[in-house]
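build me a structure from this.
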Amino acid sequence: MAKSDVNSKVILIGGIFAIVSMIVGIFCVLGAVVTYTGFPLRPLFIRLLPYPLPVANTGFSMWYMFISELGIGPSAYMFNVGLILAGILALPVFPGILGLFKGSILAKMGVVLGVIASVALIGVGLAPMVMSPLHGSFSMVFFICVGLAIVLLSFEMYRGIFFHRAIAIYGFIFALVDLAFLIQRGAVLEWAVFFIIVTWILAVGIQVLLKRKKVGV
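Okay, here's the model as predicted:
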């Protein structure tokens, strides 16, 4: 009974952090878009110059500008700090919900990949685009690991009874979008990946809170 109590509390914590981490992520990223758009100047990076040149800001467009571009403009502080905070808050999410999958090997692999993705997200915030050569590596690790984590966990969700199958199917759709982005590297696809990740993890957290009585909390 004691073990069950501990597991149920861990699961509840995972659900709470899923919601909190994604709210922070959404607020900081979309807040960064607003900040970037409203600022009159933005930095222009030229390889031969040691510092960026201030140029007129024409605004931020999700149609052709990548998410990471928010980390080097007037919105840099909000964006980078936001990713670091979201990554830290997301660390308990995947281990927290592991108890719902009854020791599944695939779920354990998904949890490990989810933790790696959370650490990589922190790295993206610490190593902004253009400013650090590590940015590309952290970004690639994040997109690959979070994609695999969501696919593996969605597969177990589909087989199980706790999570609604719609969440699992949504996770499978994410896998296709994430794969398309990794192949084509388009800005619109990257934003689609961002919104699906956020909404999938939010849905997981909300499901845990709504059905918390089934795990004894």
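
low-scoring stretches of the chain, by residue?
Where the chain drops to pLDDT under 70, the residues are 1-6, 44-52, 213-217.

which one's the longest helix in it?
As far as residue count goes, and with DSSP state H defining each element, the longest helix of the chain is helix 2-38.

what's the closest non-adjacent residue to residue 14?
Excluding its sequence neighbours, the residue lying closest to residue 14 (C-beta to C-beta, 6 or more residues apart in numbering) is residue 96, at 1.7 Å. Where you see a C-beta, it was placed from the backbone N, CA and C, and this is true even at glycine.

check residue 57 too.
Leaving aside its sequence neighbours, residue 57 sits nearest to residue 42 (C-beta to C-beta, 6+ apart; 4.1 Å).

cool, and residue 202?
Using C-beta to C-beta, 6+ apart and skipping residues adjacent in sequence, the residue nearest residue 202 is residue 22, 4.8 Å away.

give me the neighbour count for that neighbour.
For residue 22, the number of neighbouring residues by other C-beta atoms under 10 Å comes to 23.

cool, residue 64 as well?
10.

and if you look at residue 166?
The criterion is other C-beta under 10 Å. On that basis, residue 166 has 11 neighbouring residues.

which helices and strands sit right next to the helix or strand hosting residue 42?
Element membership for residue 42 (DSSP states H and E) is strand 41-44. Other helices and strands packing on strand 41-44, by 3 or more C-beta pairs under 8 Å, 6 or more residues apart in numbering; DSSP states H and E, are strand 53-56.

helices along the protein, start to end?
Taking DSSP H as the test, the helices found in the chain are 2-38, 76-90, 93-97, 105-126, 135-159, 165-184, 187-210.

quick one: which of the ones you listed is nearest residue 53?
Closest to residue 53 of the helices of the chain, according to C-beta to C-beta: helix 76-90, at 15.6 Å.

any idea how far residue 166 is from the closest residue to residue 119 other than its chain neighbours?
Ranked by C-beta to C-beta, 6+ apart and with sequence neighbours excluded, the top spatial neighbour of residue 119 is residue 87, at 6.8 Å. For residue 87, the distance to residue 166 (C-beta to C-beta, to the nearest Å) stands at 27 Å.

point out the most buried one among the helices of the chain.
Per-residue neighbour counts averaged over each of the helices of the chain give the maximum for helix 93-97, namely a mean of 25 (mean count of other C-beta atoms under 10 Å).

contacts for it next, please.
For helix 93-97, the external contacting residues (C-beta atoms under 8 Å, 6 or more residues apart in numbering) are 10-15, 17-18, 21, 110-111, 114-115, 118, 149, 153, 201, 204-205, 208.
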